[in-house]
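Novice: build me a structure from this.
(one chain, ligands or ions: 1)
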Amino acid sequence: MLTQEQEDKVMQWLRRSTEERLSDRGLIDMALMIANAAPLPGKDAAQQQEWLVNGLDAILKSERRARRALADDINRRLMATPVITAAGFDGKRIVTEHQCVPRKIEEYGAFVLALLLDEDRGFKGLLRRCRLAECNRFFLAHVEKGPRPSYCCTEHRLRASALDAKNRVARYRERVRRVLKEESK
Ligand SMILES: [Zn+2]
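Specialist: Numbers count the residues shown, from 1 in each chain. Below you'll find the predicted structure:
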């Protein structure tokens, strides 16, 4: 379990994210930060974090069934997320506002996964996971058109291609070694 202090901190963070009305992009960035972080302290928080990571992974997979299951899961959690409503009168018309108030990482995560899948918000198809094994970070590609980045940064792209070259050399040496061994028999 989280200590009271840690829990307060997480909740404070989540509340701030709604109160300060982060942009959709800001909410997504924060969720990716949670997903990319080391396992959160406390079993409950770590499980919710894992749920978020699995959800992001499901978005990246093209399996239809996994996506449908995810959509159902997201919907269930969003329906359980409290919404605050405010109404006012601006002198000409009634203005109402609704806002989700996630109480835990899962509810906040569900909102963000929905943002990433929404057909109209402009983030659909932008989620990536860095292909450099030692990184594996989730990130948003900057552009939907043009080449789709597979690495989170230039440094990791270069490092991956260097590793690839190193592996190729190692495989080549192994092949030579085997052939020489065969010939010496
Ligand atoms: Zn990376």
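Novice: tell me how many other residues crowd residue 185.
Specialist: 4 (other C-beta atoms under 10 Å). The C-beta positions use only the backbone N, C-alpha and C, and glycine is treated the same way.
Novice: ok, it to residue 168 distance?
Specialist: As judged by C-beta to C-beta, to the nearest Å, residue 185 and residue 168 stand 27 Å apart.
Novice: next: residue 160.
Specialist: 13 Å.
Novice: residue 128 too?
Specialist: Taking C-beta to C-beta, one finds residue 128 at 25 Å from residue 168.
Novice: ditto for residue 121
Specialist: Using C-beta to C-beta, we find residue 121 at a distance of 41 Å from residue 168.
Novice: using the three-state scheme, assign the spatially most central residue of the chain.
Specialist: By C-alpha atoms, centre = their mean, the chain has its centre lying nearest to residue 32, at 4.1 Å. In three-state terms, and counting by DSSP: H, G, I helix; E, B strand; the rest coil, residue 32 is helix.
Novice: if you drop the residues flanking it in sequence, what lies closest to it?
Specialist: Sequence neighbours aside, residue 138 is the residue nearest to residue 32 in space, at 4.8 Å (criterion: C-beta to C-beta, 6 or more residues apart in numbering).
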